[in-house]
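A.B. asks: heads up, no residue letters with this:
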C-alpha cells in the first residue's frame, strides 16, 4: 500500500470512529547482496540490494534492484536454495537468459519491475507468486547477480521477509 493511501484510510477510520482493532500489514522482502555471500565467496568491491513488495492481492511482487561498484552485469536471478547452498534459477529479474550484452558500470538502480507468475521458471514454472513467497519465508530463495567476470555469481543475498505492522489499535 502506498503511504498516501494508508494515511487517507487512517483518516477515514479515525473520523468514522472505527480505529479499534484495525491492522494494516504489508509484506516486503529484502536481500543484501555481497560477494561474501557467494558459494564459494567472491572478492569484489560490488554490493547491492533487492527489495520486493507483495501486491495486495498476492499475485505479484514489485521489485527494485540497486547495485554499487558493479561492472558488466550479465543477468540477475532468484535461485532456490538455503543460505550457503547453490540452487537452480526460479525467476529472472534482469536479462534472465543472459543473452544480451553485459551492462557497463552500474552504481544505482539497475531494474525496477513487477514479477508475476509468468516470470517463474524451474521448479516454480506454472506455479503462483504465493509459492515463491512461501519459499522465501522458509529461507529457501536468494538473489544472484551474474557478471562477465563471475558468471556463476559475483554478489548474492538470501531473501528475508519484513512484515510491517503499520498500526494495531485496541
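C.D. replies: Yes, it's here. All values derive from a computational prediction rather than experimental measurement.
A.B. asks: please count neighbours and contacts with C-alpha atoms only from this point.
C.D. replies: Noted.
A.B. asks: run through the protein and note the low-pLDDT ranges.
C.D. replies: For the chain, applying pLDDT under 70 flags the ranges 1-26, 163-170.
A.B. asks: residue boundaries of the helices in it?
C.D. replies: Along the chain, the stretches classed as helices by DSSP state H are 3-15, 129-137.
A.B. asks: packing partners of the shortest one?
C.D. replies: Counting contacts by 3 or more CA pairs under 8 Å, 6 or more residues apart in numbering; DSSP states H and E, helix 129-137 is packed against strand 160-168.
A.B. asks: how about stretch 119-128: buried residues?
C.D. replies: Residues of stretch 119-128 classed as buried by neighbour count (16 or more other CA atoms under 10 Å): 119, 120, 121, 124, 128.
A.B. asks: swap that for stretch 147-165, sorry
C.D. replies: 147, 148, 153, 154, 155, 156, 157, 158, 159, 160, 161.
A.B. asks: can you redo those residues as JSON lines with distance to residue 115?
C.D. replies: Below are the buried residues of stretch 147-165 laid out as JSON lines (distance: CA to CA, whole Å):
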{"residue": "147", "distance to residue 115": "22"}
{"residue": "148", "distance to residue 115": "25"}
{"residue": "153", "distance to residue 115": "21"}
{"residue": "154", "distance to residue 115": "23"}
{"residue": "155", "distance to residue 115": "21"}
{"residue": "156", "distance to residue 115": "19"}
{"residue": "157", "distance to residue 115": "18"}
{"residue": "158", "distance to residue 115": "17"}
{"residue": "159", "distance to residue 115": "15"}
{"residue": "160", "distance to residue 115": "17"}
{"residue": "161", "distance to residue 115": "16"}
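A.B. asks: understood, closing this out.
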